[in-house]
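[1] Sequence first, then the predicted structure:
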Amino acid sequence: MLGAAHDEWDALADTVHSLPITLDELHDPKRVWSLGSENPAELEAEIIRLRAELGAYREALSRPFPVAVLHWPAGELTELLSAYPTLAEEYPRTGST
């Protein structure tokens, strides 16, 4: 969007971009002008770009989010809850203590 030449960061982004519309085209500031156009070809091209952009967002959202699980060994959990009883709701005891 700054008008700079395609550099190694752009090339790297292109290797992970899997949609039919290029990143350069998706981020083209001139595309905003086509929203006010009455030319059907320009409007159709913008609809295709918007669908590709939406597809990129959906693809990103469909990736699994990392999850962390904290496990307290029984003795340490007892010690923790003795020192901080208010944490009992946050760290309930299970049947495997």
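    Noted; the coordinates are in hand. Residues are numbered from 1 along each chain as shown.

[2] Who are the packing partners of the biggest helix by length in the chain?
    In the chain, with assignment by DSSP state H, the single longest helix is helix 40-62. For helix 40-62, the contact count by 3 or more Cβ pairs under 8 Å, 6 or more residues apart in numbering; DSSP states H and E identifies helix 23-26, helix 31-34 as packing neighbours. To be clear about C-beta, it is placed using only N, CA and C from the backbone, and glycine gets the same treatment.

[3] Could I get the average pLDDT for it?
    Here the mean pLDDT over helix 40-62 is 82, rounded to a whole number.

[4] quick one: buried residues of it?
    Within helix 40-62, the residues that qualify as buried are Ala45, Glu46, Arg49, Ala52, Glu53, Ala56, counting by 16 or more other Cβ atoms under 10 Å.

[5] His17: which of these is nearest?
    Ala56 (7.6 Å; Cβ to Cβ).
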